[in-house]
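Chemist: Just the structure for this:
(chains A and B)
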Protein chains: 2
Amino acid sequence: MRGIIDDLINALTRLPGIGRKTAQRLAFFILSMPDQEALSLSKAIEKVKEKARFCSICFNITENEICEICSDDSRDRSKLCVVEEPSNILVIERVRDFHSPYHVLLGSLSPIDGITPERLKIKELVGRIRDSEVQEVIIATNPNTKGEMTAQYLKEVLAPLGVKISRIAYGLPMGSDIEFADEVTLGKAIEGRREI
Amino acid sequence: MRGIIDDLINALTRLPGIGRKTAQRLAFFILSMPDQEALSLSKAIEKVKEKARFCSICFNITENEICEICSDDSRDRSKLCVVEEPSNILVIERVRDFHSPYHVLLGSLSPIDGITPERLKIKELVGRIRDSEVQEVIIATNPNTKGEMTAQYLKEVLAPLGVKISRIAYGLPMGSDIEFADEVTLGKAIEGRREI
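Modeler: Model prediction:
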């Protein structure tokens, strides 16, 4: 039992949110999977580590020089959606009827951790917007302290470019219950109320 | 973003308890891991699929003809612990002061699913106990209908061999609260009470 299974369990526990028990369950499941399915997982890991790189335009993850989204001519290039991380793109892409290009900052401002504007892809963002057809920059950084600070900073930096700058809305999550909303969110929801 | 990351996300969602969101989180984490760590995971998967086999004595998972536990001379061979699955051994091995050899049935009786005694490693168990130094067989099948049925069946099959046959105890889990115990468990706990 020691040896190969233990190695797999140990490797699995390195993943976030996977404790020893879950790793054991996963390891024995992998053991019972058809070979081809299990190997497609190991191959996918290898391939990601071997080929993944940042898109030279938007800093999304891609295996090419330019990512699929930047190469997609059907996108509305009058808008540009700014996010902190490549993983955020996947989430936003699930929204129907919204398909702009993106720009990934690769982080958010956090002076205390030494993350200053120069460490983020802000210079590249400014360069991209200048002399482009972008009319609106939608800032979709996280609704937390660092994301807010970053949004505020971007607003100042982008203002001279003469583009419209918008921030995604704050409010109650759909399907949630007012009873369980925190007062800050609720305050933002009331502040952002819209006539119906 | 499509392509290699999507392949990894899809491969991860095949694992039990891993939905799309968790798979995305894991995929981006794997992307950010040091190459060596990520590759040790993919290699561990490949190795398990390539080398794992059943121990020819106890049907534990091993990469050799005979597993490490069966090869371990320091084990108390007067006892033999019978379990349903190889994964059960890992759990029991964590118990201090109990280190017997094991016998894995590779399942539990379930006539409705066509799992009859011949489908389990019961014949092999009987063969192992006959002409051995085993004095006590501890039946550690699951405390559910199928595990109980299997334990009962083993009791009858092993009785002629003249060994002591025991069943792991039922009762309240340590650290639990009587208030939340179900009545069946509580009944078993009272039935199995011991003088202190």
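Chemist: residues of the helix or strand containing A:G127 that come out buried?
Modeler: Per DSSP states H and E: A:G127 is located in helix A:122-129. Across helix A:122-129, burial judged by 16 or more other Cβ atoms under 10 Å in any protein chain shown covers A:I122, A:E124, A:L125, A:R128, A:I129. Heads up, the C-betas are built off the backbone N, CA and C, glycines and all.
Chemist: Equivalent analysis for stretch A:128-141, please.
Modeler: For stretch A:128-141, the neighbour count (16+ other Cβ under 10 Å) marks A:R128, A:I129, A:V134, A:V137, A:I138, A:I139, A:A140, A:T141 as buried.
Chemist: Out of the residues you listed, name the ones that lie in helices.
Modeler: Judged by DSSP state H, helices contain the following of those: A:R128, A:I129.
Chemist: would you list the buried residues of stretch A:128-141 in JSON lines and tack on pLDDT and distance to chain B?
Modeler: Shown next, in JSON lines, are the buried residues of stretch A:128-141 (pLDDT from 0 to 100; distance: Cβ to the nearest Cβ, whole Å):
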{"residue": "A:R128", "pLDDT": "95", "distance to chain B": "18"}
{"residue": "A:I129", "pLDDT": "95", "distance to chain B": "22"}
{"residue": "A:V134", "pLDDT": "94", "distance to chain B": "20"}
{"residue": "A:V137", "pLDDT": "93", "distance to chain B": "20"}
{"residue": "A:I138", "pLDDT": "92", "distance to chain B": "18"}
{"residue": "A:I139", "pLDDT": "92", "distance to chain B": "20"}
{"residue": "A:A140", "pLDDT": "90", "distance to chain B": "16"}
{"residue": "A:T141", "pLDDT": "90", "distance to chain B": "17"}
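Chemist: before we move on, back to that, and the buried residues of helix A:122-129, which is closest to A:H99?
Modeler: A:R128 (17.5 Å; Cβ to Cβ).
Chemist: show me what contacts the closest one?
Modeler: Listed by Cβ atoms under 8 Å, 6 or more residues apart in numbering or on different chains, the contact set of A:R128 reads A:I57, A:L80, A:H103, A:V134.
Chemist: same thing with A:E65?
Modeler: A:C55, A:S56.
Chemist: Okay, buried residues for stretch A:3-11 please.
Modeler: Within stretch A:3-11, the residues that count as buried by 16+ other Cβ under 10 Å are A:G3, A:I4, A:I5, A:D7, A:L8, A:I9, A:A11.
Chemist: now stretch A:178-188
Modeler: So stretch A:178-188, judged by 16+ other Cβ under 10 Å, has buried residues A:A181, A:T185, A:K188.
Chemist: Can you tell me which of the residues you listed is closest to chain B?
Modeler: Closest approach to chain B among the buried residues of stretch A:178-188 (Cβ to the nearest Cβ): A:T185, at 20.8 Å.
Chemist: Look up how far A:A140 lies from that closest one.
Modeler: Distance of A:T185 to A:A140, given as Cβ to Cβ, to the nearest Å: 17 Å.
Chemist: which non-adjacent residue is nearest the most centrally placed residue in chain A?
Modeler: By Cα atoms, centre = their mean, chain A has its centre lying nearest to A:N88, at 2.0 Å. Spatially, and ignoring its direct neighbours in sequence, A:N88 is nearest to A:A140 (6.7 Å; Cβ to Cβ, 6 or more residues apart in numbering or on different chains).
Chemist: Same check on A:E136?
Modeler: Of all residues not flanking A:E136 in the chain, A:K164 sits nearest, at 4.3 Å (Cβ to Cβ, 6+ apart).
Chemist: can you give me phi and psi for A:A169?
Modeler: phi -80, psi 150 (degrees, to the nearest 10).
Chemist: how many other residues sit next to it?
Modeler: 10 (other Cβ atoms under 10 Å in any protein chain shown).
Chemist: Could you confirm A:D97 falls within a helix?
Modeler: No - counting by DSSP: H, G, I helix; E, B strand; the rest coil, A:D97 is not part of a helix but coil.
Chemist: distance of it from chain B?
Modeler: For A:D97, the distance to chain B (Cβ to the nearest Cβ, to the nearest Å) stands at 19 Å.
Chemist: can you check A:S71 too?
Modeler: Separation of A:S71 from chain B (Cβ to the nearest Cβ): 11 Å.
Chemist: State the three-state secondary structure for the closest residue to that residue other than its chain neighbours.
Modeler: Among residues not flanking A:S71 along the chain, A:N64 sits closest, at 7.9 Å (Cβ to Cβ, 6+ apart). Using three-state DSSP, the structure places A:N64 in coil.
Chemist: where exactly do the helices run in chain A?
Modeler: A:4-13, A:20-32, A:35-51, A:86-93, A:122-129, A:145-158, A:183-191.
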